[in-house]
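> Here's a sequence, model it:
(2 chains)
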There are 2 protein chains.
Amino acid sequence: MRYPNGKKYQVKNQVKETSSTNRRTLLSAANRGMSLEEDINSSNEYYKERGMALITKRPTPINIVKVDYSRGARITDAYFEKQSTTDYNGVYRSRYLDFEAKNTKSNSAFPLSNISRHQVEHLRNVINQGGIAFFIICFQLKNEIYLLDASFVIEYFEKGGRKSIPYQVFKEKGVLIRQNFNPRLHYIEAVDELYFR
Amino acid sequence: MRYPNGKKYQVKNQVKETSSTNRRTLLSAANRGMSLEEDINSSNEYYKERGMALITKRPTPINIVKVDYSRGARITDAYFEKQSTTDYNGVYRSRYLDFEAKNTKSNSAFPLSNISRHQVEHLRNVINQGGIAFFIICFQLKNEIYLLDASFVIEYFEKGGRKSIPYQVFKEKGVLIRQNFNPRLHYIEAVDELYFR
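Numbering: from 1, shown residues only, chains lettered A, B, ... in the order given. Predicted coordinates for the structure are as follows:
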């Protein structure tokens, strides 16, 4: 295991090195979902600029072991901590939003192995406080991205057995997020449909 | 400058090494304010455990330059990034809360030199989205901690001149936060008084 969620950490400059226009033309349906985080970030930027919503990404929590002050506070030893909350939160129409975004290569179900008990607890607390809690799940091979209320994830998480949410649940209970040029993922539309109607 | 906000970063284990009981008995009014962050964190823990509110601290944003995967994803080179939002946000009574906490050794005014334009912009956006935005300011030498709506900070920030908020503004427009054993800073009471009456 390289990183709490099993993926290799991408150094920021590497991410930035391809321009969004170049990147977009290179994307096929299959690798489209790999840029889920970037797409959400750029959509958040779009929403912020237009005053539509204010959603921010929580920085990756890092445990710092050593700092070299002779080099201007350079961190020389540190490690990744497990995210105990979620990646995103913010405010929309006066309400508190909180969500986690995940990819899956499965066509039949979203496996819950990537979701920690801490995160499930966190989202349960959000709901108890009257906040809006959901997941954005990208079925990469289908190139379909769904918004699903966190209550379903909590429900399936608490079940015994194999712990995954069938694709059919997303079709029936979730909202398919419209993909576009800008915003790339118009997930606030899905929030409107699910929580403000 | 060692760190974006001018203070030395405290390695986590050092912070944890004194127990809260020992720490408390050692505190005089003068250094009491230095533990502002810890007091807010422990109050948030208290609120979460009792289902009263869910407020989390955003991790310090860090720009990672080098990761050594041969040592289990150990970060070997990184540096601190400026916080472009605020330290805390969360949900209370279905509303979105967002705030920044700061200490000052001044008795007469809170200097705005520690507040960045990014943070002011962020809090303005929070207000525009219908969120609740405020500051928790600790006047260390007085051992008084106030909650002040962010609109005052925005107003004084936009003024020309020396950029500080007189102590009198806190007395008249802010709410003095009750300090206690548990929660150490009962700032949700102040939120009730200011935003839910």
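> quick one: buried residues of the longest helix seen in chain A?
Using DSSP state H to define each element, chain A has its longest helix at helix A:36-49. Across helix A:36-49, burial judged by 16 or more other C-beta atoms under 10 Å in any protein chain shown covers A:36-37, A:39-44, A:46-48. For glycine as for every other residue, the C-beta is placed from the backbone atoms N, C-alpha and C.
> now do stretch A:122-137
A:122-127, A:129, A:131-137.
> Then stretch A:91-109?
Those would be A:91-93, A:95-104, A:109, for stretch A:91-109 by 16+ other C-beta under 10 Å.
> neighbours of residue A:50, just the number please.
Per other C-beta atoms under 10 Å in any protein chain shown, the neighbour tally for residue A:50 reads 9.
> Next, it: phi, psi?
phi -90, psi 10 (degrees, to the nearest 10).
> With residue A:193 instead?
According to degrees, to the nearest 10, residue A:193 has phi -60, psi -40.
> what's near enough to touch it?
residue A:175 (C-beta atoms under 8 Å, 6 or more residues apart in numbering or on different chains).
> separation between it and chain B?
19 Å (C-beta to the nearest C-beta, to the nearest Å).
> likewise residue A:158?
18 Å.
> Geometric centre of chain A: which residue is closest?
When C-alpha atoms, centre = their mean is applied to chain A, the residue found nearest the centroid is residue A:101 (2.0 Å).
> quick one on the thing from earlier: now, the buried residues of stretch A:122-137 that are in strands?
A:132-137 (DSSP state E).
> could you pull out the strands for chain A?
Counting by DSSP E, the strands of chain A are A:54-57, A:62-68, A:74-80, A:88-92, A:95-104, A:109-111, A:132-139, A:144-149, A:164-166, A:175-176.
> As CSV, those strands with distance to residue A:192 and mean pLDDT would be great.
Conversion of those to CSV gives the following (distance: least, C-beta to C-beta, whole Å; pLDDT from 0 to 100):
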stretch, distance to residue A:192, mean pLDDT
strand A:54-57, 14, 96
strand A:62-68, 35, 92
strand A:74-80, 35, 92
strand A:88-92, 9, 97
strand A:95-104, 11, 96
strand A:109-111, 23, 96
strand A:132-139, 11, 98
strand A:144-149, 11, 98
strand A:164-166, 23, 95
strand A:175-176, 9, 98
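> With distance to chain B added, can I get those strands in a markdown table?
A markdown table is the format used below for the strands of chain A (distance: least, C-beta to the nearest C-beta, whole Å):
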| stretch | distance to chain B |
| --- | --- |
| strand A:54-57 | 5 |
| strand A:62-68 | 5 |
| strand A:74-80 | 4 |
| strand A:88-92 | 4 |
| strand A:95-104 | 4 |
| strand A:109-111 | 22 |
| strand A:132-139 | 9 |
| strand A:144-149 | 16 |
| strand A:164-166 | 24 |
| strand A:175-176 | 21 |
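> out of the ones you listed, nearest to residue B:118?
Across these, residue B:118 has its closest neighbour in strand A:54-57 (11.5 Å, C-beta to C-beta).
> Can you give the contact residues for the closest one?
A:37, A:40-41, A:44, A:47-48, A:87-92, A:97, B:58, B:85, B:122, B:125-126, B:128-129, B:131.
> could the strands of chain A be laid out in CSV, adding distance to residue B:67?
As requested, the strands of chain A are exported to CSV (distance: least, C-beta to C-beta, whole Å):
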stretch, distance to residue B:67
strand A:54-57, 19
strand A:62-68, 11
strand A:74-80, 9
strand A:88-92, 23
strand A:95-104, 21
strand A:109-111, 26
strand A:132-139, 25
strand A:144-149, 28
strand A:164-166, 30
strand A:175-176, 36
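> between these, which gets nearest to residue A:117?
Nearest of the strands of chain A (C-beta to C-beta): strand A:95-104, 13.2 Å.
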